[in-house]
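[1] Got a sequence here, can you build the structure:
(chains A and B)
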Amino acid sequence: MDFATFLVQCLNAVQYGLLLFLVASGLTLIFGIMGVINLAHGSFYMIGAYLAFSLAPVFGGAFLPTLAAGLVLAVIFGYLLEWLFISYLYERDHLQQVLMTYGLILVFEELRSILVGNDVHGVPVPGWLSGSIQLGDLMAYPVYRLVISGVCLAVAALLYFVIARTRLGMMVRAGGSNREMVQSLGIDIKFLYRVVFAAGVALAVLAGMIAAPVSSVYPGMGAQVLIVCFVVVVIGGIGSVRGAFLAALLVGIVDTFGKVLFPQVAGITIYLLMAAILLWRPEGLFRQG
Amino acid sequence: MRKYPLLSALAIATVLAAPATPTLAQTGKLKVGFMLPYSGTYAALGNAIENGFRLYVNERGGKLGGREIEYVKVDDESQPAKGADNINTLIKRDNVDVVVGTVHSGVAMAMAKVAKETGTLLVIPNAGAVAVTGPMCATNIFRTSFSNWQPGYAMGVVAAERGHKKVMTITWKYAAGDESVGGFKEGFEKGGGQVIKELTLPFPNVEFQALLTEIAAAKPDAVYTFFAGGGAVKFVKDYAAAGLNKTIPLYGAGFLTDGTLEAQGDSAQGLLTTLHYGDGLTVPKDKSFRAAYAAAYKMQPDVYAVQGYDAAQLLGIGLSAVKGDFSKKPDLYKAMAAAKIDSPRGAFTLGKNHNPVQDIYLRRVEGKENKVIGVAVKARADPGSGCTM
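    Numbers count the residues shown, from 1 in each chain, chains lettered A, B, ... in the order given. Modelled structure (predicted):
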């Protein structure tokens, strides 16, 4: 591998890692702060992709209005879902959470099948982002992929700011470590959790929507993402957004170079990484916070 | 047992009565068991196969070889782990005479194993696993679709004819991908070409960017690929987005562009693929088949519907030869093995391993169609290595 190829592969790795972070951040928020194992998180990613596909005609294919509408729907959807289902899970053990959220996966997949069908669909890249940048004489790099990375970085910065520097973030962190105490201090913890869950759903939906033009839209796409995201969350340390960011980049790098250098074992490289890190630090890279 | 005297009595009665049913069955309805995916990614394929099968039977007044046909359905969910259980349910509980299935190669392997053990007639209307008509072949197992090796081999021949010397291949690391690439390699190297690197990624991973960079760096004359479904859509789009479609021609097995053109859009235009069916065939049977299918189901048939239709034809030929007497199994199988099937894809026969000996077409993507532009290889049989019967 010459140096130019190496650099492009690094770009691939970072770009994949950033997208993983976007999905995994919502998962780690819900998992770490609310204590709910949400297997349905991959479904939210899928719902995002299908929203991008089915809302596009409504807005005449305009990208930003579609994105905005999808996010509004996602927040409403997440809010209702927490109210109807998830809010009953906080006091229960993990098995019941897994059963409930797994059930939700089946319901979402079936609804998707009834509403949109089982065909594979494509979502066009928005016209003003459809160009590509020539990287030496090697290959062209689509501008849209770089834009995705930019969005992911922006979301990461925003998340960090909200959680570490704002009053809302402080309440969320406090709620994560002691729910009863926060409640007795006069903070409406039920509402707070509902907001956190809605934000988690919105993050996954956002990831699905902006990834749709490059990933295409197909049944079962959520399940694939879910597994990798759990790896990211576990490596990063459950509940740590900072950890998820670092872990996502690590997974991106290991997956990309694993495919190129060790194609025979490419399917297990990220799990080897997870095993190695857990042996070294059983709680993941960062503790919650 | 003691708790339910009536039930146990009934159970004994059923067991005693069981040997009597086969003699009855020679004149009664013939039971066909569809074991196909009716849910999940492949649901549309399962339905197309069943539609094709029923269309042929309905054209003959609901009868094959004078026997009325009755259907039983099982959803195989494309789950290899449930394959053996599902086919056993059809054979033992539903007492079907013939099993028709399935789409997924892994499931088909499980089915072939049970069919071989129980001696039940199995007609495979899609799954291309080479082993089924290779080491696992049997007198009672037939296939009306293709083996993964066939389209790959045909494309290898075409790529060599087009003057390419050094080619890279890319596919998922699983049986179907390996078999397809194996076929390509055989055809291509026979024509004097050389496969310089076989790229793989784990099934069903769709992060192609790293491997596309590898292709760009190695600059081969051409790339051969085997992907299907969502992976096919993403690969073709990523290949075009990386600008590689302008410099390095992409060739694929037909599944790359079958049922995926809508989603692939402009990025698939002009792609060359090989398959045993396509759009714009000049076979008269295809015209009448398409018209009949469209009238019956209000949609256009695809390659899967053709394969289902031909499964019914094959069974019909066998049953006619024995005048509907299903107990004459040796004669039935002999007639089926020797059948000439008047398929919409063009007439074909079966090889001695019971896999179609057929023309593989070269097709070019034009708009939303896979236009047939020629025959890549004529009357090509699968080598069926490892098959002894």
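[2] so who does the closest residue to B:Gly230 other than its chain neighbours touch?
    Of all residues not flanking B:Gly230 in the chain, A:Tyr218 sits nearest, at 3.2 Å (C-beta to C-beta, 6 or more residues apart in numbering or on different chains). Bear in mind the C-beta positions are built from the backbone N, C-alpha and C, glycine included. By C-beta atoms under 8 Å, 6 or more residues apart in numbering or on different chains, the residues touching A:Tyr218 are A:120-121, B:41, B:229-230, B:233.
[3] Need those in CSV (columns: neighbour count, pLDDT and secondary structure).
    Formatted as CSV, the contacts of A:Tyr218 follow (neighbours: other C-beta atoms under 10 Å in any protein chain shown; pLDDT from 0 to 100; DSSP: H, G, I helix; E, B strand; the rest coil):
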residue, neighbour count, pLDDT, secondary structure
A:Val120, 23, 82, coil
A:His121, 20, 86, strand
B:Thr41, 21, 72, coil
B:Gly229, 24, 81, helix
B:Gly230, 24, 82, helix
B:Val233, 30, 90, helix
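[4] Do you have the helices of the stretch 51-200 of chain A handy? List them.
    A:63-84, A:94-115, A:143-165, A:167-177, A:179-184, A:189-215 (DSSP state H, counting those that start in this stretch).
[5] closest one to B:Pro356 among those?
    helix A:94-115 (32.0 Å; C-beta to C-beta).
[6] Can you list the buried residues in the closest one?
    Using 16 or more other C-beta atoms under 10 Å in any protein chain shown as the test for burial, helix A:94-115 gives A:97, A:100-101, A:104-105, A:108-109, A:112.
[7] Would you mind checking which helix or strand in chain B has the lowest mean pLDDT?
    Least confident element among the helices and strands of chain B, by mean pLDDT, DSSP states H and E: helix B:21-25 (a mean of 44).
[8] Which SSE is immediately downstream of that one?
    With elements assigned by DSSP states H and E, the helix or strand that comes after helix B:21-25 is strand B:30-36.
[9] Each with direction, which strands does that next one pair with?
    Using DSSP bridges, the strands paired with strand B:30-36 are strand B:67-75 (parallel), strand B:98-100 (parallel).
[10] how about it as CSV, C-alpha atoms only?
    In CSV, the C-alpha atoms belonging to strand B:30-36 read as follows (Å, rounded to 0.1, in the frame of the first residue of the first chain):
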residue,chain,number,x,y,z
LEU,B,30,-51.5,-34.6,-6.1
LYS,B,31,-50.1,-32.6,-3.2
VAL,B,32,-47.5,-29.9,-4.1
GLY,B,33,-45.8,-28.3,-1.1
PHE,B,34,-44.4,-24.8,-1.6
MET,B,35,-41.5,-24.2,0.7
LEU,B,36,-40.6,-20.6,-0.2
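[11] For whichever helix or strand comes after it, which helices and strands make contact with it?
    Sequence-wise, the next helix or strand beyond strand B:30-36 is helix B:43-59, with elements assigned using DSSP H and E. Packed against helix B:43-59 by the contact rule (3 or more C-beta pairs under 8 Å, 6 or more residues apart in numbering or on different chains; DSSP states H and E) you find strand B:30-36, strand B:67-75, helix B:284-297, helix B:303-321.
[12] Helix or strand next in line after helix B:43-59, which one?
    Per DSSP H and E, helix B:43-59 leads on to strand B:63-64 as the next helix or strand towards the C-terminus.
[13] List the contacts of the closest residue to A:Ile133 other than its chain neighbours.
    Once flanking residues are discounted, A:Ile133 sits nearest to A:Tyr141: 5.0 Å by C-beta to C-beta, 6+ apart. By C-beta under 8 Å, 6+ apart, A:Tyr141 lies in contact with A:8, A:11, A:132-135, B:242.
[14] Before we move on, what's the pLDDT of the residue of chain A most remote from its centre?
    Most distant from the centre of chain A: A:Asp137, at 33.7 Å, with distances by C-alpha atoms, centre = their mean. Listed pLDDT for A:Asp137 reads 73.
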